[in-house]
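Colleague: Need coordinates for the below:
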Amino acid sequence: MTVTAPPHQAVRSRGTTRISDRAVERIVARVLDEAGDSDAMTRTMLGVPLRGRRGSRTDVRVDAEIVTIRTAISVTYPRPVREVARRVRESVRGRVEELTGLSVRQVDIEVAELERPTGRALA
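Modeller: All right, here's what the predicted structure looks like:
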């Protein structure tokens, strides 16, 4: 006796997948860590450099299938700031879209620090 399997449900009706803001923030942080032109920012207290580094500040908003990203980075002096920001923006947009399947509407880059090659922030 042959039994016919019931037809499969359409993919849409099997459930939903939601990618959180935090998950996208972690992807952005990883891309920034891998970028050779930007760096984590120097920790300071009252303007005095402390030991260690902190990650770049990043704010992500995922609205349905659209992502908006704002991040602050440090650029090593004397690298061209606009060129570094452009490359970081392209890398972030590309990797987020590749890994999540979401559409990135915009990536705002704030260059918050210029770093000396020795790792200390320029005043």
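
Colleague: list the contacts for D108?
Modeller: Residues in contact with D108 (CB atoms under 8 Å, 6 or more residues apart in numbering) are I69, R70, T71. To be clear about C-beta, it is placed using only N, CA and C from the backbone, and glycine gets the same treatment.

Colleague: let's see it at 6 Å
Modeller: D108 sits next to R70 when contact means CB atoms under 6 Å, 6 or more residues apart in numbering.

Colleague: Quick check: bridge partners of it?
Modeller: Taking DSSP bridges, one obtains R70 as the residues bridged to D108.

Colleague: where exactly do the strands run in this protein?
Modeller: Along the chain, counting by DSSP state E, strands occupy 38-39, 41-45, 48-54, 58-63, 66-76, 103-115.

Colleague: Okay, angle between the fourth one and strand 66-76 too, please.
Modeller: With axes from the mean of the first three to the mean of the last three CA atoms, to 10 degrees defining the directions, strand 58-63 sits at 170 degrees from strand 66-76.

Colleague: What strands flank strand 58-63, and is each parallel or antiparallel?
Modeller: Strand pairing for strand 58-63, using DSSP bridges, gives strand 66-76 (antiparallel).
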